[in-house]
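Chemist: predicted model and sequence below, questions to follow.
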Amino acid sequence: MRLMTWNIQWGRGADGRVDLARTVAAIRAAGEFDLICLQEVACNFPGLAGGAREDEPAHFAAAFPDHEAVYAAGMDVPDGAGGRARFGNLLLSRLPVGQVFRHLLPAPADPDFPAMQRVCLEAVVTAARGPLRVLTTHLEYYSQRQRRVQVEALRALQAEAAGQAAAPAAGKESNPAFAAWPRPASAIVCGDFNCEPGSGEHALMQAPIGAGVPAWRDAWGVLSPGVPHPPSVGLHGAEWPDRVYCCDFFFVTEDLAPRVRALRVEAETAASDHQPVVLELAD
């Protein structure tokens, strides 16, 4: 099972040019994927540097027709011309998709910093060993207070799902809206966490959650304990950052840790200010 996570910066490369065909080519060059998780995906959003109000979810859905596309907008605002402008995360799944959740993440007031509304997209997919939750997100960059609360929200989602898996709700035969859909405790969450390895948020993400709740574990740490994470930003001279470091992660629930087989950063492409990160799990 192969997954990619990538903050594509709405298709804007290190050269400042928006080129969605280049983004698609970079994904294809990295191989075949069961799940592709993209952050900073725009739809009809005016004013983005280099952009032309592209419908990016539709573009990627057309480019990967054997994948089901699921989009979650954190930002959903007027476009100034009678329509809507959206900005968020996209999941492309070659595996069958069951229940989908779009979780708006908390953003407590922190007036000293810029901020945007953040979202976590969750989909239950049918994998070889049964249902699996896959989540993709993009946490706040400027406000550490908001970012920490968002990490707590991801931990709370894991506790909620584990509780539902252990004690599922009763169905109601007369109303299909009450049908019981699988939502397992086993999960993968990936994306741009806007924190570094060893930071307080990174440590909090992996802290125990509660009895009977499989906690999150950094997939790189599972494979290479004590080895520094390969950098995922700053490699190709984009306008930020001024140094290389890692802020793009895969976390797996601890029951999935023995299945982690490989994790690598696709360092060659300059099609974004971030690099794609690829995870392989044993079936």
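Modeler: Thanks, I have the structure now.
Chemist: going forward, measure contacts and count neighbours with C-alpha atoms only.
Modeler: OK.
Chemist: quick one: contacts of stretch 132-142?
Modeler: Stretch 132-142 is contacted by residues 5, 37-40, 89, 91, 113-116, 118-126, 146-147, 150, 183-195 when judged by CA atoms under 8 Å, 6 or more residues apart in numbering.
Chemist: let's see which of those residues end up in strands.
Modeler: The strands, defined by DSSP state E, take in 5, 37-40, 89, 91, 119-126, 187-192 from the contacts of stretch 132-142.
Chemist: beta partners for residue 100?
Modeler: Per DSSP bridges, the residues bridged to residue 100 are residue 123.
Chemist: ditto for residue 4
Modeler: residue 36, residue 278.
Chemist: wasn't residue 237 part of a helix?
Modeler: No: assigned with DSSP: H, G, I helix; E, B strand; the rest coil, residue 237 falls outside any helix and is coil.
Chemist: and the spatially closest residue to it that is not a sequence neighbour, what element?
Modeler: With sequence-adjacent residues excluded and distances taken as CA to CA, 6 or more residues apart in numbering, residue 237 is closest to residue 14, at 6.3 Å. Counting by DSSP states H and E, no helix or strand carries residue 14.
Chemist: which residues touch residue 14?
Modeler: Residue 14 sits in contact with 236, 237, 238, 239, 270, 271, 272, 273, where contact means CA under 8 Å, 6+ apart.
Chemist: as CSV, those residues with pLDDT and neighbour count would be great.
Modeler: Shown next, in CSV, are the contacts of residue 14 (pLDDT from 0 to 100; neighbours: other CA atoms under 10 Å):
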residue, pLDDT, neighbour count
236, 97, 21
237, 93, 15
238, 93, 18
239, 91, 11
270, 98, 20
271, 98, 28
272, 98, 27
273, 98, 26
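Chemist: mind putting those into TSV with distance to residue 177?
Modeler: What follows is the contacts of residue 14, written out as TSV (distance: CA to CA, whole Å):
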residue	distance to residue 177
236	49
237	50
238	47
239	48
270	45
271	42
272	41
273	42
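Chemist: farthest pair in these?
Modeler: 239 and 271 (13.2 Å; CA to CA).
Chemist: buried among the contacts of stretch 132-142? Make that a ChimeraX selection.
Modeler: In ChimeraX, this line selects whichever of these come out buried by 16 or more other CA atoms under 10 Å:
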select :5,37,38,39,40,89,91,118,119,120,121,122,123,124,125,126,146,147,150,183,184,185,186,187,188,189,190,191,192,193,194,195
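Chemist: is residue 99 in contact with residue 131, as I believe?
Modeler: No: contact criterion CA atoms under 8 Å: residue 99 and residue 131 do not qualify, at 10.3 Å.
Chemist: and for the two, which residues touch both?
Modeler: The contact lists of residue 99 and residue 131 share 124, 182, 183, where a contact means CA under 8 Å, 6+ apart.
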